[in-house]
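Colleague: kindly generate the corresponding structure for this input.
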Amino acid sequence: MALKNRIASFVGIPVVVILLFLILTPGLIYAQTARGIKLVPDFTSIVISKVDEARLTMKVANAGKEGEFVDLQINTVPRGWEARFTDFSFNVRSLYVAPGKEAEITFRAKPPADVTEGDYTFQLKAVTQDGGVQDNLKIVIGIQKEGATTDKIKMVTLYPVLRTPAGISIQYNIDLTSEGKADRTFELIIKGVPPLWTTSVEPAYEKKQISTISLKSGETKGVNIILTSPDRQAPGEFPFTFQARSGSIQETLELKVEVSGSYDITVATPTGRLNADAVAGQESVMTLWVGNTGTAEVKGISFSSTKPDGWDIKFEPDKIDTLTARDIKEISVKIKPPDKTIAGDYIISLNAMGERSSSTKEIRVTVSTPTKWGAIGVGIVVVVIAGLVGVFVRLGRR
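Modeller: A predicted model of the protein is given here:
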């Protein structure tokens with residue numbers, strides 16, 4: 001029996017150790033993976049000419065459980081080179097990366113005027129502001145002779161000319177193909193767009209703005225150009241260009257947007273008041289203005305109304321064939337409530353409907369009864385009172 005107990009106690013020791021290991025190991029694993037910062041470039045080595053500026057898109061990835069403030073450093077820069085991290089319009093030295101997310105930046109390096117052929121190494125570093133987590137990255141940029149490359153980029157779009165109303169965004173889908181031996185980063189440039197228009201370039205199937213794109217040798221990627229004209233843009237044709245450039249290598253695509261103008265009609269009253277007076281059984285007239293506040297003419301404007309049962313509402317004229325931009329037409333609206341309409345307030349809607357625009361105004365109509373019915377009512381009251389007086393007089397005599 002004693003031997004059996006000793007064996008049981010001896011076997012129990014490993015069991016306890018295993019249980020402690022299973023309990024503590026998840027905590028140790030979590031502690032090891034709770035934070036993580038990584039620099040993830042599109043390329044780690046590219047080739048440019050002496051007059052190029054290298055642009056490399058990369059991501060700062062946070063694999064940890066908490067958001068991190070990350071400092072960006074360039075620890076090794078070859079003599080005479082200018083190197084920096086940038087966003088769309090400014091230099092970046094530090095950034096915030098949410099847990100499990102990525103932040104995109106661009107590394108740019110410009111060689112000196114006297115640079116010679118060869119490979120140049122840059123040491124990049126991303127480190128959390130408390131110094132607890134970091135990642136290092138080596139980038140190699142090769143310099144070749146001007147004119148030594150046969151690389152080029154090809155851009156294709158199925159629809160170089162698109163049409164849209166003013167103020168409505170329009171999208172061009174473009175495929176870019178790098179035709180050459182070297183991996184390259186291309187700067188994306190839109191030129192010739194009129195003032196006050198908004199433009200952006202986005203990767204296909206992604207909702208974020210980009211100013212550069214990295215392509216491996218023979219690789220094809222899609223981008224979307226999104227243009228939006230001002231709401232009051234006059235109709236017309238507006239050509240512009242889209243350019244992809246990497247130093248001396250570039251390609252330009254000729255594009256054009258046709259703006260048809262904006263269509264917008266508005267219904268209003270000359271005084272701005274949205275009420276009218278009417279008499280039961282009688283026709284009253286109010287004035288309505290129909291204006292074209294858009295930049296293109298609106299055709300085929302007709303009128304209708306929403307009204308209580310039995311009401312009669314007519315428009316003169318009952319239609320407008322064409323209303324040019326900034327023009328105003330005056331319409332007479334004839335309103336006739338039924339004879340037995342009870343005095344009070346009623347709501348009617350007056351509607352103008354064109355081919356590409358419509359407008360509605362609600363009008364409160366205050367209805368009163370005709371004067372003759374008032375006089376009849378007074379007469380009836382007088383007769384009733386006279387009859388009552390006569391009754392009282394006869395009763396008094398008795």
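
Colleague: any idea whether L388 is helix, strand or coil?
Modeller: Classification of L388 by DSSP: H, G, I helix; E, B strand; the rest coil places it in helix.

Colleague: ok, now E206?
Modeller: coil.

Colleague: next, count neighbours for it.
Modeller: 11 (other Cβ atoms under 10 Å). For glycine as for every other residue, the C-beta is placed from the backbone atoms N, C-alpha and C.

Colleague: contact partners for it?
Modeller: Contact analysis of E206 by Cβ atoms under 8 Å, 6 or more residues apart in numbering lists nothing.

Colleague: for S200, see how far away it is.
Modeller: Between E206 and S200 the computed distance is 12 Å (Cβ to Cβ, to the nearest Å).

Colleague: and if you look at I170?
Modeller: 12 Å.

Colleague: list residues touching both of these two?
Modeller: Any residue near both I170 and S200 by Cβ under 8 Å, 6+ apart counts here, and that gives I226.

Colleague: for the chain, what spans make up the helices?
Modeller: 2-33, 371-397 (DSSP state H).

Colleague: is it true that Q144 touches D52?
Modeller: No: between Q144 and D52 there is no contact under Cβ atoms under 8 Å: 9.3 Å.

Colleague: same drill for those two, tell me which one is more crowded.
Modeller: D52 (23 against 16).

Colleague: show me what contacts the more buried one?
Modeller: D52 neighbours (Cβ under 8 Å, 6+ apart): P111, S246, G247, S248.

Colleague: residues near I249, how many?
Modeller: I249 has 21 nearby residues by other Cβ under 10 Å.

Colleague: nearest residue to it other than its sequence neighbours?
Modeller: Once flanking residues are discounted, I249 sits nearest to D151: 5.5 Å by Cβ to Cβ, 6 or more residues apart in numbering.

Colleague: measure the one you found to S49 for me?
Modeller: For D151, the distance to S49 - Cβ to Cβ - is 10 Å.

Colleague: what sits in contact with each of the two?
Modeller: By Cβ under 8 Å, 6+ apart, no residue touches both D151 and S49.

Colleague: how is the protein partitioned into domains?
Modeller: Per automatic domain parsing, the structural domains of the chain span 37-144, 152-259, 265-372.

Colleague: and the nearest residue to K361 once chain neighbours are set aside, what does it touch?
Modeller: Leaving aside its chain neighbours, K361 sits nearest to V267 (4.6 Å; criterion: Cβ to Cβ, 6+ apart). Residues in contact with V267 (Cβ under 8 Å, 6+ apart) are L288, W289, V290, L350, N351, A352, S359, T360, K361.

Colleague: so what's E68 scoring on pLDDT?
Modeller: Looking at E68, its pLDDT reads 94.

Colleague: relative to I105, how far out is it?
Modeller: The value you get for E68 to I105, if Cβ to Cβ is used, is 14 Å.

Colleague: do the same with V201
Modeller: Counting by Cβ to Cβ, the gap from V201 to I105 is 17 Å.

Colleague: what of I348?
Modeller: 61 Å.

Colleague: next: N224.
Modeller: Taking Cβ to Cβ, one finds N224 at 21 Å from I105.

Colleague: partners of the residue nearest to K361 in the sheet?
Modeller: V290 (DSSP bridges).
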